[in-house]
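In: What follows is a predicted protein model with its sequence.
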Amino acid sequence: MFKVTPIPIIEDNYAWLVQNQGQNLVFDPGEAAPVIDYLKANDLTLDFMFITHKHWDHVTGIAEVKAAFPDCVVYGTGHHDIPCRDIPLTGGETLEVLGLSWRVWHTPGHTLDHIVFYTETTDAENPSSPNIDNGIKTKPTQGHLFSGDNLFACGCGRMFEGTPEQFEASLASLVALPPSTKIYCTHEYTLANINFSLHIEPNNTYTLHRQDICTELRQQNLPTLPTTVADELKSNPFVRLDQPDVIRAAEHFSGQVLGKKAEVFAIIRKMKDGFQ
């Protein structure tokens with residue numbers, strides 16, 4: 001059975017553990033001990049690692065985890081050197097891992113080497129609610145996007161490399177996925193991101209609703225993730241660049257008339273960098 005579990009690491013990172021058909025995959029183990037401890041406590045071996053980008057909080061634990069599970073195969077971005085990487089990925093690949101088909105995108109913006117991973121599972125819990133495709137009943141599917149540091153709940157990663165045009169295009173490609181797609185990002189930044197989102201769109205009632213829900217989750221020490229494409233389209237200013245309040249905030253801050261989404265993105269990202 002398909003299962004995704006967040007393993008908290010470092011201060012606010014998650015190393016996502018994906019289980020299916022008796023095999024196990026971990027994303028971005030920036031710290032080894034919590035990952036190894038969780039796997040051993042649950043009598044699990046590790047078959048695969050997927051690495052989205054080069055930053056220390058995503059790669060530092062790879063070698064130690066690999067030493068603990070030497071048969072584990074490491075897939076990682078091929079745009080930069082990654083520790084213990086067995087198979088480099090540059091985007092556009094389709095992988096068959098865990099009995100699932102995975103699509104890989106190159107999504108520069110946060111870093112130039114960043115890649116993301118997408119897969120779909122069959123909704124076995126609702127077999128009585130089939131999709132209808134050209135008159136043929138098909139089983140419902142659920143999309144799963146592992147977005148690394150590109151797309152966060154109500155936010156996005158800092159633009160350390162690349163251009164606003166690259167980053168805006170990368171984010172747009174992710175939120176073009178079906179609205180129900182679950183997004184597993186790497187950081188528990190949601191409440192801070194919501195505060196900034198409300199600074200940009202103070203009248204966004206959906207963001208206010210998310211704030212209440214996520215505050216309650218964190219008070220119970222529960223993750224606010226995964227999010228969904230639908231949630232981000234309703235409340236994340238970095239993918240709402242055509243909305244009047246977002247444009248207005250960017251133009252007020254910059255003192256310029258902004259005609260392109262990438263221009264609005266660049267200003268909103270600059271505002272977030274200095275937001276307290």
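Out: Noted; the coordinates are in hand. Model, not experiment: these values are computed from the prediction.
In: ok, and the helix or strand in the protein with the lowest average confidence?
Out: Across the helices and strands of the chain, the lowest-confidence element by mean pLDDT, DSSP states H and E is strand 131-133, at a mean of 52.
In: Distance check, the residue nearest in space to the middle of the chain against Gly109.
Out: Most central in the chain under C-alpha atoms, centre = their mean is Ser147, positioned 2.5 Å from the mean C-alpha point. Ser147 sits 11 Å away from Gly109, going by C-beta to C-beta, to the nearest Å. Bear in mind the C-beta positions are built from the backbone N, C-alpha and C, glycine included.
In: again with Ala262
Out: Separation of Ala262 from Gly109 (C-beta to C-beta) stands at 11 Å.
In: same check, this time on Leu241
Out: Leu241 sits at a distance of 14 Å from Gly109 (criterion: C-beta to C-beta).
In: Over to Gly61?
Out: For Gly61, the distance to Gly109 equals 24 Å [C-beta to C-beta].
In: Could I get the full set of helices for the protein?
Out: Shown for the chain, the helices assigned by DSSP state H span residues 32-41, 56-59, 62-68, 164-175, 190-200, 205-219, 229-235, 244-254, 261-273.
In: Between those, which one is closest to Ile10.
Out: Of all the helices of the chain, helix 56-59 sits nearest to Ile10, with 5.6 Å by C-beta to C-beta.
In: Identify each buried residue in the closest one, please.
Out: Buried positions in helix 56-59, judged by neighbour count with 16 or more other C-beta atoms under 10 Å: 57-59.
In: Let me know the average pLDDT across that helix.
Out: Computed over helix 56-59, the mean pLDDT rounds to 97.
In: wait, which of the helices of the chain is closest to Trp105?
Out: Proximity to Trp105 (C-beta to C-beta) singles out helix 164-175 among the helices of the chain, at 6.5 Å.
In: which residues sit against that closest one?
Out: Residues from elsewhere that reach helix 164-175, judged by C-beta atoms under 8 Å, 6 or more residues apart in numbering: 105, 107-110, 114, 116, 145, 147, 150-151, 156, 159, 183, 229, 232-233, 238-239, 241, 261-263, 265-266, 269.
In: which among these end up buried?
Out: Counted by 16+ other C-beta under 10 Å, the contacts of helix 164-175 give 105, 107-110, 114, 116, 145, 147, 150-151, 156, 159, 183, 229, 232, 238-239, 241, 261-263, 265-266, 269 as buried.
In: residue ranges with poor pLDDT in the stretch 51-200 of the chain?
Out: Residue ranges of the stretch 51-200 of the chain with pLDDT under 70: 123-138.
In: Now do the strands in it.
Out: 73-77, 87-89, 94-97, 100-106, 115-122, 131-133, 136-138, 141-148, 151-152, 155-156, 182-185 (DSSP state E, counting those that start in this stretch).
In: Report all helices and strands that the last one contacts.
Out: Okay, so that is strand 182-185. In terms of contacts (3 or more C-beta pairs under 8 Å, 6 or more residues apart in numbering; DSSP states H and E), strand 182-185 is packed against strand 3-9, strand 13-20, strand 141-148, strand 151-152, strand 227-228.
In: okay, the ones you listed in a markdown table with distance to Arg85 next?
Out: Formatted as a markdown table, these follow (distance: least, C-beta to C-beta, whole Å):
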| stretch | distance to Arg85 |
| --- | --- |
| strand 3-9 | 19 |
| strand 13-20 | 17 |
| strand 141-148 | 15 |
| strand 151-152 | 23 |
| strand 227-228 | 28 |
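In: OK, contacts around Lys270?
Out: Phe253.
In: no wait, Glu161
Out: Contacts of Glu161 (C-beta under 8 Å, 6+ apart): 108-112.
In: Perfect, that will be all.
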